[in-house]
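Trainee: Dropping the sequence and predicted coords here.
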Amino acid sequence: MDITTVIGIIGGISLIGVAVIISSGLAGLKLFWSFSSVLITMGGTFAATMVNYSFHQLVEVFAIAGKVIKQKDENPLGIIDTIVRLTKKARTQSMLAIEQDVKEISNSFLRHGFSLILANVEIEIIRTELETEITFLQERHKIGQEIFVTMGTFSPAFGMLGTIMGLIMMLAKLEDQSVIASGMAVALLTTLYGAMAANLFFLPVAGKLKRKNDDEVLIKEIIIEGIISIKKGDIPSIIESKLKAYLPPKTRVRNIISK
Amino acid sequence: MDITTVIGIIGGISLIGVAVIISSGLAGLKLFWSFSSVLITMGGTFAATMVNYSFHQLVEVFAIAGKVIKQKDENPLGIIDTIVRLTKKARTQSMLAIEQDVKEISNSFLRHGFSLILANVEIEIIRTELETEITFLQERHKIGQEIFVTMGTFSPAFGMLGTIMGLIMMLAKLEDQSVIASGMAVALLTTLYGAMAANLFFLPVAGKLKRKNDDEVLIKEIIIEGIISIKKGDIPSIIESKLKAYLPPKTRVRNIISK
Amino acid sequence: MDITTVIGIIGGISLIGVAVIISSGLAGLKLFWSFSSVLITMGGTFAATMVNYSFHQLVEVFAIAGKVIKQKDENPLGIIDTIVRLTKKARTQSMLAIEQDVKEISNSFLRHGFSLILANVEIEIIRTELETEITFLQERHKIGQEIFVTMGTFSPAFGMLGTIMGLIMMLAKLEDQSVIASGMAVALLTTLYGAMAANLFFLPVAGKLKRKNDDEVLIKEIIIEGIISIKKGDIPSIIESKLKAYLPPKTRVRNIISK
Amino acid sequence: MDITTVIGIIGGISLIGVAVIISSGLAGLKLFWSFSSVLITMGGTFAATMVNYSFHQLVEVFAIAGKVIKQKDENPLGIIDTIVRLTKKARTQSMLAIEQDVKEISNSFLRHGFSLILANVEIEIIRTELETEITFLQERHKIGQEIFVTMGTFSPAFGMLGTIMGLIMMLAKLEDQSVIASGMAVALLTTLYGAMAANLFFLPVAGKLKRKNDDEVLIKEIIIEGIISIKKGDIPSIIESKLKAYLPPKTRVRNIISK
Amino acid sequence: MDITTVIGIIGGISLIGVAVIISSGLAGLKLFWSFSSVLITMGGTFAATMVNYSFHQLVEVFAIAGKVIKQKDENPLGIIDTIVRLTKKARTQSMLAIEQDVKEISNSFLRHGFSLILANVEIEIIRTELETEITFLQERHKIGQEIFVTMGTFSPAFGMLGTIMGLIMMLAKLEDQSVIASGMAVALLTTLYGAMAANLFFLPVAGKLKRKNDDEVLIKEIIIEGIISIKKGDIPSIIESKLKAYLPPKTRVRNIISK
């Protein structure tokens, strides 16, 4: 579970709420809710995004976002650890000896890689199969980011659009003072909703998806390098140094082999 | 028929209408129509786009947009299926045996590719002819997108321009209170029209054209690969695995050969 | 004469004028003229552009723009037609036989190409000379576009600047009601002028220059290919098919050879 | 200590303060403080940045920024001087003779390079190890810049958001004149805070980080070139001219060898 | 002396002044001066730029800008003329014969090139030395442009910031009518100063620096080509045609050799 995403979004909204309470008391919070404003801002954003992409992509993107945010950050050192440990075991005992360990690997991409080795698949086919999976993963994540950025662009636009609509309605009933307030409320609330949705949700989540994608791709590249190395018959210490070259110098300290 | 485009545009406008009715009742809707505002916003946008492009391109782009949006999403698996099925038939029976099947293929690009094989055209000429068609298709689609993006940029600009004109007219007749309202109405309606046209129509349709172009080009590339493969004499199972490499892993499940 | 450019600009201004007349009657048009506003918006735009480029480039760009817009769109099929026709004549009769025809070619670039062949210049020198001309043509056109885009960026900025100046003058004389109106008029008119100049003239003309440049370069590339082909001694039907490959499939219908 | 960064930030704030005092006297300064405005602008910015990146990266970026700004600009001529001097000593005396000098080198990257030579590590391993360090350094700095640019984008957005919230609260209590002022104060202060944070801190510091990174990478590249050159056995005058080619012509004047 | 830069800047400011006088008389000009507004806009811009770059770079950039603007546009034909003339003299008489002419060449880069030939330096060293100088020249000019663009971005931002500060001060003293005017004056003057500085100075000068750099680099490339050609022993007519290929066709008319 990516806790900073949740803390960031809830924390951001809370801070804004606290600022309102400091200025206007608890009653001030009631001013900031309007159903028709939500309708214009969010409805317009989703409608425009649905025209831009397909409904299928829109549903999938929320699934991806949900999964990615729930997903724990995998530790690359743990992955390297597993690869080196199993390689040593396979060399000292036999390939068959690690079959049970492979089944217990939690990372499904690594498990799939080892199962290809156990099935004695050719090296070029292993590489192609695993790299294709990365390619399509990146493609899916890229569309995910794109959709969030698109929604982060449309939501302030529809917020502004709602504000103009509110002003027009207000101007048409200038004689009725009580309507002015309500008209202006709709007007400004849509801009507020649009700006909050874009700046506290859509754009930062798009950024997080990019970071998570980079992390996941790095780990998958380490795994491919490791699997290919094992298949080639490299000795464990060579594999370890090859894989650790993917990591920043400071995080390489733990010497896995010597354990 | 690309149903999400239509749902998105109509849905977006409806949601905004509902929000107006919630705030101001059905009578509120009347406030949002002004012929001279449409004239300034849409007329200005089309005039500027006509200067930018040629009249011919402007007409063609709406034809492309209409066709592309009406067009059903083709299923790449169906195309691969057809290619593999006909190849098997041609191998077990003869090239002549599939002549009738070729005539019945619904995808015109695939039909054209098979007809080139049947006419015994050389492999390099087939490739050049089919790839040239993709190049010019992409060129046409790219201009289409560009024009929609251009209109999505000009329409808010002319909306703003109309608003300033409305304000000038209003300021000139400051003594006449009834004119203020009408002046402001023109003023703000143009901005509203410009923003709605850009955010619910021009920009999302430009995005959809890009996606449709990507889908169509992918399918046409699969077809070229398949036609070239057949011409080279590859066996059906090789052709199938070559073509399926273009698809994301999950959608490859259906095993065509085994049918 | 590129009629759509003229129609677009005049049509756009007319539409806006009609919208003003619909809202405020013919007298409304008088509100939209102010000499000092023109001075600030256009003068500032030209001054800033003159700092950015040289005076020489500024003058030349209007010459280019004028010429390009006046220029008729050349039909690439006509060019190919001429090349193929003259090649056939030269083959059936002799090189000398086409000397008179060459003098009558209206396209100066094609005429120059043929005259290089008649003068028996070496193939590499022909290519270099003609390609150098395209390079410098593109360079000139690119600067032309750049200048128009620059002016399209400066003109709204100076419009805004004029509006702020008008507001400052208005605020300074708050007691005098009659001055408020005139101050606001200057203020908003400059923004209007800046927006109209940018969106109805500078930016669309920059776009048109780009399109015209692309068309002209395509035709010149066809001519170079043709001239080189003739010099190499290719037969007319080969030349025709080589040159037609530059055109979108649909426009290739006319079979020149068979005429 | 990078003194211009501190002077720039403190100087910028002071100038603005002086301008306020000139206009409104010392009492004017009190108008510009509001705790709830700081909460909305800075809190929102940090919350959104925390969603976008991980908490870990956010903490690290301030460490990097602090270190980079405190860091003295290293003089590349001094580095070249040290490299050439030690090479000469090693050649005239022996590798062992410089062991003590190496320990006293203040630049840790250069010290590490020399220690690899003393440890007789192979040339390719030296190059890989040192270049990997540059790669990860640039990666860290790039994320640092990105985060500052992101905060420079979010802070005006949250400033604007706070202003809209302030306007909504003010409009809701229109009858109470005293609240108007306080509401507007919150409203405009958030925009002010957002703009100041972005333009006097986040964006210029992002720019400075880029410049510092370029300087540091240049020096590290000179060091790598020098260490590799020594390892290859180049004579001191060749090493000096190789390394000085990295510097602009004017700064090369000091002839190190002749000292 | 680049006269258009000076005319552009002074002319732009004059035009705006004339427009003010037309609207409000000579007294109107007094409204547009405020020391504290200059302090906020310009002070803030320089402070932020100083954080972004180093103080040293900031000083140097104004030196570069001054020198570049004062510099006369060099005529490339004159340079080619000199190169060809001296080459002919050296061939007909001797290398020594041109020693005096070389000393009298006004372009220091060309003089340096010839002196390298006279000193009998090897061809590769000549090329490296001259090209290195171009590289560092472009680097210096690029930073120059960057700084001007940065200031052109910061100055409207600080203008806006000053306007908000002015509004806050005005709102705090709502009861005092005389303060409203002065507060608003500060407010809007800063935006005006920021916009004028950006659009009449920083951004156009950045553009001019780019153009001047392109011109200077072209001339220096022609010189390098010429010097290398002479060193290789090419005959004058070949050198002339090589160098003229760098110029647009129309400007090549003058036939230097035939003089």
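Mentor: That came through, no problem.

Trainee: What strand or helix carries A:T87?
Mentor: helix A:76-92 (DSSP states H and E).

Trainee: quick one: A:I239 from A:I227, how far?
Mentor: For A:I239, the distance to A:I227 equals 10 Å [C-beta to C-beta, to the nearest Å]. The way it works is simple: take the backbone N, C-alpha and C, and place the C-beta from them, glycine included.

Trainee: typo on my end, it should be A:N199
Mentor: 42 Å.

Trainee: Over to A:Y193?
Mentor: Distance from A:Y193 to A:I227, by C-beta to C-beta: 48 Å.

Trainee: How about A:M165?
Mentor: Distance from A:M165 to A:I227, by C-beta to C-beta: 58 Å.

Trainee: so what's the closest residue to chain B within the stretch 1-150 of chain A closest to, chain neighbours aside?
Mentor: Nearest residue of the stretch 1-150 of chain A to chain B, counting by C-beta to the nearest C-beta: A:A47, 3.0 Å away. Spatially, and ignoring its direct neighbours in sequence, A:A47 is nearest to B:G12 (3.0 Å; C-beta to C-beta, 6 or more residues apart in numbering or on different chains).

Trainee: Check the burial of the one you found by counting its neighbours.
Mentor: B:G12: 27 surrounding residues under other C-beta atoms under 10 Å in any protein chain shown.

Trainee: about what we covered before: is the residue of the stretch 1-150 of chain A closest to chain B within a helix or a strand, and which one?
Mentor: helix A:44-52.

Trainee: Show me what secondary structure element comes after the helix holding A:T87.
Mentor: helix A:99-103.

Trainee: Please name every helix or strand in contact with that following helix.
Mentor: When contacts are defined as 3 or more C-beta pairs under 8 Å, 6 or more residues apart in numbering or on different chains; DSSP states H and E, helix A:99-103 packs onto helix A:76-92, helix A:108-118.

Trainee: Spatially central residue for chain A, please.
Mentor: A:L209 (3.0 Å; C-alpha atoms, centre = their mean).

Trainee: D:V102 versus that one, what's the distance?
Mentor: As judged by C-beta to C-beta, A:L209 and D:V102 stand 47 Å apart.

Trainee: quick one: what helix or strand has the residue of chain A found nearest chain E in it?
Mentor: In chain A, the residue that lies nearest chain E is A:S23 (15.4 Å; C-beta to the nearest C-beta). Taking DSSP H and E as the definition, one finds A:S23 inside helix A:3-24.

Trainee: Does the helix or strand that that helix is followed by reach chain B?
Mentor: Once helix A:3-24 ends, the next helix or strand along the chain (criterion: DSSP H and E) is helix A:35-38. Yes: Helix A:35-38 is in contact with chain B by C-beta under 8 Å from any C-beta of the partner chain, via A:F35, A:S36, A:S37.

Trainee: Tabulate those (TSV), appending pLDDT.
Mentor: Putting the residues of helix A:35-38 next to chain B into TSV (pLDDT from 0 to 100) gives the following:
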residue	pLDDT
A:F35	84
A:S36	83
A:S37	85
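
Trainee: Scan those residues and report the most crowded one.
Mentor: Neighbour max across those (other C-beta under 10 Å) = A:S37, 27 neighbours.

Trainee: Can you name the helix or strand that the residue lying closest to the residue nearest to the centre of chain A once chain neighbours are set aside falls in?
Mentor: Nearest residue to A:L209 in three dimensions, chain neighbours excluded: A:Q145, at 4.9 Å (C-beta to C-beta, 6+ apart). Here A:Q145 sits within helix A:123-172, counting by DSSP H and E.

Trainee: that older thread, now the helix holding A:S23: how far from the chain's centre is it?
Mentor: Remark: helix A:3-24 is offset 21 Å from the chain centroid, using C-alpha atoms, centre = their mean, to the nearest Å.

Trainee: now stretch A:112-123
Mentor: 30 Å.

Trainee: And the next helix or strand past the least confident helix or strand in chain A by mean pLDDT?
Mentor: The helix or strand of chain A with the lowest confidence, counting by mean pLDDT, DSSP states H and E, is helix A:177-196 at a mean of 76. Downstream of helix A:177-196, the first helix or strand assigned by DSSP H and E is helix A:203-232.

Trainee: Give me the buried stretch members for that next one, please.
Mentor: In terms of neighbour count (16 or more other C-beta atoms under 10 Å in any protein chain shown), helix A:203-232 has its buried residues at A:203-213, A:215-216, A:219-231.

Trainee: do stretch A:87-100 as well
Mentor: Going by 16+ other C-beta under 10 Å, stretch A:87-100 has these buried residues: A:T87, A:K88, A:A90, A:M95, A:I98.

Trainee: Which ones among those residues also lie next to chain C?
Mentor: Among those, chain C is touched by none when using C-beta under 8 Å from any C-beta.

Trainee: for chain A, what are the low-confidence residue spans?
Mentor: Confidence mapping of chain A against pLDDT under 70 gives the ranges A:1, A:68, A:173-183, A:185-186, A:251-259.

Trainee: Who are the contact partners of the residue nearest to A:A47?
Mentor: A:G43, A:G44, A:A47, A:A48, A:V51, B:L200 (C-beta atoms under 8 Å, 6 or more residues apart in numbering or on different chains).

Trainee: How much space separates it from B:Y193?
Mentor: Using C-beta to C-beta, we find B:G12 at a distance of 14 Å from B:Y193.

Trainee: about what we covered before: any chance of a markdown table for the residues of helix A:35-38 next to chain B, columns distance to B:N120?
Mentor: Putting those into a markdown table (distance: C-beta to C-beta, whole Å) gives the following:
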| residue | distance to B:N120 |
| --- | --- |
| A:F35 | 68 |
| A:S36 | 67 |
| A:S37 | 67 |
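
Trainee: Closest to chain D out of the residues you listed?
Mentor: So of the residues of helix A:35-38 next to chain B, ranked by how close each gets to chain D (C-beta to the nearest C-beta), first place is A:S37, at 10.7 Å.

Trainee: List the residues that contact that closest one.
Mentor: Counting by C-beta under 8 Å, 6+ apart, A:S37 has contacts A:G162, A:V186, A:L189, A:T190, A:Y193, B:A19.

Trainee: didn't the fifth one look like it was pressed against A:M42?
Mentor: Spelled out, that is A:Y193. Yes: at 7.2 Å, A:Y193 and A:M42 qualify as touching, with contact defined as C-beta atoms under 8 Å.

Trainee: Find residues that contact each of those two.
Mentor: Common neighbours of A:Y193 and A:M42 (C-beta under 8 Å, 6+ apart) are A:S155.

Trainee: Between the two, tell me which one has more neighbours.
Mentor: Neighbour totals were compared for A:Y193 and A:M42, and A:Y193 leads with 25 against 19 (other C-beta under 10 Å).

Trainee: That one and A:G159, how far apart?
Mentor: For A:Y193 relative to A:G159 (C-beta to C-beta), the value is 6 Å.
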